[in-house]
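Okay, here's the prediction I keep looking at, along with the sequence it came from:
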Amino acid sequence: MGIGVGILAYFLFNLSLSYMQTGVVALYSNLIPVFTVLFAFLLLGEKINMLQLAGICIALFGILISTINNK
């Protein structure tokens, strides 16, 4: 699963560089570990502990802060 997620995620990362700005792509690459944890939970039945949940929240909050337009 790690190989599949890693290969697919970085393939899509490199492909998206040809369509989007580098800063935007780099920002959303922070979601790779989030989706890895979620897919492990859904497909393998792994348990999500509080530290992983906190990491997911921090990653999502960081992306949210970075994408808000300040006027």
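Sure, I can see it.

give the contact list for the spatially most central residue of the chain.
What sits nearest the mean C-alpha location of the chain, by Cα atoms, centre = their mean, is residue 31, with 0.9 Å. The contact partners of residue 31, by Cβ atoms under 8 Å, 6 or more residues apart in numbering, come to 59, 63. All C-beta atoms are positioned from the backbone trio N, CA, C, and that covers glycine.

how near is residue 18 to residue 60?
26 Å (Cβ to Cβ, to the nearest Å).

Repeat that for residue 12.
Distance, residue 12 to residue 60, by Cβ to Cβ: 19 Å.

for residue 14, same thing?
Going from residue 14 to residue 60 by Cβ to Cβ gives 23 Å.

The two: which is more packed in?
residue 60 (13 against 10; other Cβ atoms under 10 Å).

Does that one lie in a helix or a strand, and which?
helix 50-67 (DSSP states H and E).

who's in contact with that helix?
For helix 50-67, contacts defined as Cβ under 8 Å, 6+ apart pick out 27, 28, 30, 31, 33, 34, 37, 38.

same deal with stretch 9-19?
25, 28, 29, 32, 35, 36.

make it 10 Å
Contact with stretch 9-19 is made by 22, 24, 25, 26, 28, 29, 31, 32, 33, 35, 36, as judged by Cβ atoms under 10 Å, 6 or more residues apart in numbering.

Give me the neighbour count for residue 8.
Residues near residue 8, counting by other Cβ under 10 Å: 12.

Out of the contacts of helix 50-67, which end up buried?
Buried by 16 or more other Cβ atoms under 10 Å: 28, 34, 37, out of the contacts of helix 50-67.

Can you flag which of these belong to strands?
Judged by DSSP state E, strands contain none of the buried ones among the contacts of helix 50-67.

Can you flag which of the residues you listed belong to helices?
Those of the buried ones among the contacts of helix 50-67 mapping onto helices are 28, 34, 37, per DSSP state H.
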